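Trainee: Fold the stuff below for me.
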Amino acid sequence: MGCIGIKVINSYNSSPPNTGAYCFYNLSSSTALYVPLGKVNAYQNANGWWIFAPNINETTITDLSIEINKTINIYPNPISDYLQFYDNKEKGKLTITDLNGKLLMNKQIMSNENVSVKLLPKGLYVVKLITNRGTIERKIIKE
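Mentor: Numbering: from 1, shown residues only. Sure thing, here's the model as predicted:
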C-alpha cells in the first residue's frame, strides 16, 4: 500500500497536520509538496512531513484558490434574501462590497451558513469568502 504513484501534494494548512511517522510510506523521493508562503521550515520539521524536505515548495494563496473556486459555489445569483455557499466545509471570513469598494458586510461565517442580505439595496456587489483553503470572489446581483 502506501502512497505509490503520487506526484504532487498541496497542503492548504499553515501548520502541518499531525501525521504518523509512516503516513507517506512508499512515497517517491521526487514527490513535490506545495505549502503556503513562509511555512517550509514548519513542514520540514514536522513529524511525517520531513520526507518531503528536498521537494517542499512555497505557493501563494492565489495558487491555492484555484482549487476552492472549483468546489465552493455562491448562490443563488441573482439573490433576494439569503446568500448560500455550497460545499463550504469550514468557517471563513465573508465580505460584501459595492463596486466602489465600500465595505457593506464583514463577518465570520460557519460552514454552509446562509447569510441574510435582506438589508442590502438592489444592485451589483462583490462577495469574497476567505477560508483556510483559499479565497473565492464573485460578483452578485441583488434584486
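Trainee: And the helices in this structure, which stretches?
Mentor: Ranges of helices in the chain, per DSSP state H, are 40-44, 61-71.
Trainee: Which of those has the lowest mean pLDDT?
Mentor: Among the helices of the chain, helix 61-71 carries the lowest mean pLDDT, at a mean of 52.
Trainee: Report the mean per-residue pLDDT for stretch 8-17.
Mentor: What stretch 8-17 shows for mean pLDDT is 78.
Trainee: Straight-line length of it, end to end?
Mentor: End-to-end distance for stretch 8-17, by CA to CA, to the nearest Å: 17 Å.
Trainee: Which parts of this structure belong to which domain?
Mentor: Domain segmentation of the chain under automatic domain parsing yields 8-59, 63-142.
Trainee: Just put these in TSV and tack on mean neighbour count.
Mentor: Any C-beta I mention is one placed from the backbone N, CA and C, and that applies to glycine too. Listed next are the domains of the chain as TSV, based on neighbours: other CB atoms under 10 Å:
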stretch	mean neighbour count
domain 8-59	15
domain 63-142	15
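Trainee: isn't Phe52 right up against Thr31?
Mentor: Yes. In this structure, Phe52 is within contact of Thr31 by CB atoms under 8 Å, at 7.0 Å.
Trainee: Check the contact lists of those two and give me the overlap.
Mentor: Jointly contacting Phe52 and Thr31 under the rule CB atoms under 8 Å, 6 or more residues apart in numbering are 9, 24.
Trainee: Quick one: end-to-end length of stretch 121-141, please.
Mentor: 10 Å.
Trainee: for the record, mean pLDDT for that stretch?
Mentor: Averaging pLDDT along stretch 121-141 yields 84.
Trainee: With stretch 99-117 instead?
Mentor: Averaging pLDDT along stretch 99-117 gives 88.
Trainee: Need the distance between the two termini of that stretch.
Mentor: In stretch 99-117, first residue to last residue: 16 Å (CA to CA).
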